[in-house]
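Participant: predicted model follows, preceded by the sequence.
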Amino acid sequence: MSRRARRYDDYSKLNVKKVIAVIVFALVIVMFFIGIKFLLSNNSKSTSGKVETLNYYTAYDNGKWGVINSYGEMIVEPQYDEMIVIPDNSKDIFICTYDANYTENTYKTKAINSKGKEIIQGYDKVEAIQNFDEKQKIWYETNLLRVQKNSKYGLVDFSGKELLSAEYDKIEQVHGIKNSLLITKDDSVGLCDDSGNIIIEPKYKEIQKIENDYKNGYIVIDKDNKYGIIGFDKSIILDCKYDEIKGVYSKDLFVVKKNNKYVVIDKDDQTIIENKFDEVEDISGEYIVAKKNGKFGIINKAGETKVEFEYDKISIINSELCIAQKNDMYGIIDVNGEEKLGFNCIGISYIKTGDFIIADYLENNELVSKVINSNFEEKITGVVLEVNETKGYIKVQTKDSYKYYNFKFEEIESSSVLTSNTLFLSKKDGRYGFVDKDGKVVVDYIYDDATEQNSSGYAGVKQNGLWGSIDAKGNVVLNPQYNLDNNTKIDFIGEWHICEDANANYYLDV
């Protein structure tokens, strides 16, 4: 028997009961401290209440970029010189730029998770694909990243699975269009979807969108500068033989340029309308919004003028009505040119899901919004702050308070639509506070202004011209100390507040 074995034999003679007791005691101590740590950690999170979804946000601190979560906890320490991109703030994946050389215009990128682990490897660069809508609001392609290898580009999903091999000279977004990416190879352009499926082979000079929906198809321009249309299903809708095609969507009518003039044709290339307009702005059912001598009007498929060419802008909003602009003011007309709402509005929007109009007026240098039903009856007056088409409510600010209405224009309690909130904004005697779902005051009426609780459980509060924040239990997280007069949006996550440009969508604590 070896010497080592004999030593173990000696140890085996110890009092087993005492050994077990010591081990159990040690485990109890360890579990106690683990429990304390868990409780403290859990308590720090619970101050903001239960969040709807754990999200991640880019944070800026002392000249460096990091990431925080919905609880305001630092997930990635601020250590990067360039802004961290979060392509989907509900997913644990962050695109970091480093080793940037501004003289030579070179840089490196990597995709990491909240543990700092690099999760997509084997490529020279990993990048989110940025896009933006007509209001310049930035968004990123879903579950999709552009990768570079040996100076060529491909696509992977967030797990690193290859969707499109790295063999293209460029991969770019189609501005304002989801599920559509331009792919360039040998100076020819094609198109793929977000799954990497090739919709149009790269053999064209240029590809353009048709309005803002990929399902409408695409305008393609060949090497001879001739225009055609290809559907998202890869079908050839119009051959490449036209001098130009306008990006106006209609199922069966198209605006093309022949012999240096625009005409309306059908799928069989038969000319339906000509010599009635200079340009076409929109086609909606039987009606065509056209431009002539610098003014807009409406003609029908028979070429008859339904609305005279005397407006600065016309937008058809349903089968019968249009928003029109004249002399910098807006009104409503029908498709026969009859005025339905006078031209004294500074702005008009139509909410299709609720079939109502929001007309904005300037009265005594103050904005006043009027919600008008389909019979042109004024149902709500105030300043419309939000229209939530998903939950079906309208948030309106009046002189005395914030009010909520459903799409039947009935006033409803905020608790009926803000179902995940623990606190609800309330106003009394010109001051703001917060109540619970039963109307019990949780935060006294001491603030000059405040925001509703956000999805992270925090609300902004304003006092003496400065903003701070409270958590879901009404506890002060940040005493009012920031002047946010230049902010387009007030939003807090713990002690962090959103930047001045809400589209940039990052948070800072300075």
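Facilitator: Done, it's in.
Participant: the nearest residue to F254 once chain neighbours are set aside and V256: what is the separation?
Facilitator: Leaving out its chain neighbours, the residue that sits closest to F254 by Cβ to Cβ, 6 or more residues apart in numbering is I265, at 5.4 Å. All C-beta spots, glycine's among them, are computed from the backbone N, C-alpha and C. Shown here: I265 relative to V256, a distance of 6 Å by Cβ to Cβ, to the nearest Å.
Participant: and what of V435?
Facilitator: Counting by Cβ to Cβ - V435 and V256 are separated by 61 Å.
Participant: below-threshold pLDDT in the chain: ranges please.
Facilitator: Filtered on pLDDT under 70, the chain yields the residue ranges 1-52.
Participant: now do the helices in it.
Facilitator: For the chain, the helices defined by DSSP state H occupy 3-11, 16-46.
Participant: who has more neighbours out of V435 and V256?
Facilitator: V256 (22 against 19; other Cβ atoms under 10 Å).
Participant: beta-bridge partners for that one, please?
Facilitator: The partner list for V256 in beta bridges (DSSP bridges) reads I245, V263.
Participant: residues in contact with it?
Facilitator: When the contact criterion is Cβ atoms under 8 Å, 6 or more residues apart in numbering, the partners of V256 are 227, 238, 242-246, 262-263, 265.
Participant: quick one: the residue lying closest to I358 once chain neighbours are set aside and Y507, what's the gap?
Facilitator: Counting by Cβ to Cβ, 6+ apart, I358 lies nearest to S349, which is 4.9 Å off, once chain neighbours are set aside. Remark: distance between S349 and Y507 (Cβ to Cβ) = 29 Å.
Participant: next one: I95
Facilitator: 17 Å.
Participant: same check on Y102?
Facilitator: Y102 is 25 Å from Y507, by Cβ to Cβ.
Participant: could you do D491 as well?
Facilitator: 8 Å.
Participant: joint contacts of these two?
Facilitator: Common neighbours of D491 and Y507 (Cβ under 8 Å, 6+ apart) are 497-498.
Participant: break the chain down into its domains, please.
Facilitator: The record's domain split for the chain, according to automatic domain parsing, is 3-275+420-508, 276-340, 346-412.
Participant: now do the contacts for D485.
Facilitator: Contacts of D485 by Cβ under 8 Å, 6+ apart are G465.
Participant: verify the contact between F132 and I177 for me.
Facilitator: No - using Cβ atoms under 8 Å as the test, F132 is too far from I177 to be in contact (10.8 Å).
Participant: which of the two has more neighbours?
Facilitator: Remark: of F132 and I177, I177 carries more neighbours, 20 against 13, as counted by other Cβ under 10 Å.
Participant: tell me how far the residue nearest the centre of the chain lies from S70.
Facilitator: The chain has W139 as the residue nearest its centroid, 5.3 Å off, counting by Cα atoms, centre = their mean. For W139, the distance to S70 equals 19 Å [Cβ to Cβ].
Participant: cool, and I93?
Facilitator: Separation of I93 from S70 (Cβ to Cβ) stands at 16 Å.
Participant: now render the contacts of V256 as JSON lines, adding neighbour count.
Facilitator: Output for the contacts of V256, formatted as JSON lines (neighbours: other Cβ atoms under 10 Å):
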{"residue": "Y227", "neighbour count": "21"}
{"residue": "L238", "neighbour count": "19"}
{"residue": "Y242", "neighbour count": "21"}
{"residue": "D243", "neighbour count": "14"}
{"residue": "E244", "neighbour count": "15"}
{"residue": "I245", "neighbour count": "23"}
{"residue": "K246", "neighbour count": "20"}
{"residue": "Y262", "neighbour count": "22"}
{"residue": "V263", "neighbour count": "19"}
{"residue": "I265", "neighbour count": "20"}
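Participant: a markdown table for those residues, including distance to K161?
Facilitator: Output for the contacts of V256, formatted as a markdown table (distance: Cβ to Cβ, whole Å):
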| residue | distance to K161 |
| --- | --- |
| Y227 | 36 |
| L238 | 36 |
| Y242 | 40 |
| D243 | 43 |
| E244 | 40 |
| I245 | 37 |
| K246 | 39 |
| Y262 | 46 |
| V263 | 47 |
| I265 | 43 |
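Participant: identify the bridge partners of K428.
Facilitator: Beta-bridge partners of K428, as defined by DSSP bridges: R431.
Participant: end-to-end on stretch 126-143?
Facilitator: Terminal residues of stretch 126-143 are spaced 13 Å apart (Cα to Cα, to the nearest Å).
Participant: again with stretch 196-208
Facilitator: End-to-end for stretch 196-208, by Cα to Cα: 19 Å.
Participant: now that stretch: how far from the chain's centre is it?
Facilitator: On the basis of Cα atoms, centre = their mean, to the nearest Å, stretch 196-208 sits 26 Å off its chain's mean C-alpha point.
Participant: neighbouring contacts of it?
Facilitator: With Cβ under 8 Å, 6+ apart, stretch 196-208 has contacts from 155, 162-164, 168, 174, 180, 182-186, 188-193, 218-223, 225, 230, 232, 234, 247.
Participant: one step back: and S349 and Y507? which has more neighbours close in?
Facilitator: The residue with more neighbours, out of S349 and Y507, is Y507; 22 against 15, by other Cβ under 10 Å.
Participant: the nearest residue to E495 once chain neighbours are set aside and Y204, how far apart?
Facilitator: Counting by Cβ to Cβ, 6+ apart, E495 lies nearest to L478, which is 4.5 Å off, once chain neighbours are set aside. As defined by Cβ to Cβ, L478 lies at a distance of 54 Å from Y204.
Participant: same thing with D438?
Facilitator: Distance from D438 to Y204, counting by Cβ to Cβ: 63 Å.
Participant: the two: who's more crowded?
Facilitator: In terms of neighbours (other Cβ under 10 Å), Y204 is the more surrounded of D438 and Y204; the figures are 21 against 6.
Participant: noted, bye for now.
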